[in-house]
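>>> Sharing a model that was predicted from the sequence below.
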Protein chains: 2
Amino acid sequence: MNHAVFFHAGCPVCVAAEQQVAQALDPSRYEVEVVHLGERSDRVAEAESLGVQSVPALVIDGQPFHINFGAPLSALK
Amino acid sequence: MNHAVFFHAGCPVCVAAEQQVAQALDPSRYEVEVVHLGERSDRVAEAESLGVQSVPALVIDGQPFHINFGAPLSALK
């Protein structure tokens, strides 16, 4: 099973992206973890280390993909 | 079957996004069409009408999601 992490901050842009993009992934191949960085600021450093610069972002197999533009990570520290 | 369209322009950013994001969608729920706007400038207007502002972009059920930032549509006209 491949690992995907969807980082978001609870904003409307993030929620729309999460519901459509993250939930559209193939559940037989991807285990999707959803992380609300607004509530889990302890994981901002992890997101940064994966290359995430803004949310919402989807990290698939370690590669970050920024979806639209919700908020910069600097706003969540 | 839901319809998803992945618009790209053949750039490295687009290709990486296509291979990982578009191919990660659940094939039992989404029929994914891949459109290379660099070769199909006749479909740029369609992309714009769907709300696409840059490529690569993934349109799921009519809603556009911009993934990272490859090129503005204005460069493809």
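Thanks, I have it. Residues are numbered from 1 along each chain as shown, chains lettered A, B, ... in the order given.
>>> Excluding chain neighbours, what is closest to the residue of chain A most remote from its centre?
Centroid-distance maximum for chain A: A:Ser28 at 19.6 Å, with Cα atoms, centre = their mean. Once its chain neighbours are removed from consideration, A:Ser28 has its nearest residue in B:Asp26; the separation is 7.8 Å (Cβ to Cβ, 6 or more residues apart in numbering or on different chains). Backbone N, C-alpha and C define where each C-beta goes, glycine included.
>>> do the same with A:His3
Nearest residue to A:His3 in three dimensions, chain neighbours excluded: A:Glu31, at 5.8 Å (Cβ to Cβ, 6+ apart).
>>> which helices and strands does the helix or strand hosting that neighbour pack with?
A:Glu31 belongs to strand A:30-36 when elements are defined using DSSP states H and E. Packing contacts for strand A:30-36, counted by 3 or more Cβ pairs under 8 Å, 6 or more residues apart in numbering or on different chains; DSSP states H and E, involve strand A:2-8.
>>> what mean pLDDT does the strand it packs on have?
This predicted structure assigns strand A:2-8 an average pLDDT of 92.
>>> all helices for chain A, in order.
According to DSSP state H, chain A carries its helices in the segments A:12-20, A:44-49.
>>> Next up, the contacts around the residue of chain A found nearest chain B.
Shortest chain A-to-chain B distance, computed as Cβ to the nearest Cβ: residue-wise this is A:Asp26, at 4.2 Å. With contacts defined as Cβ atoms under 8 Å, 6 or more residues apart in numbering or on different chains, the neighbours of A:Asp26 are B:Ala24, B:Leu25, B:Asp26, B:Pro27, B:Ser28.
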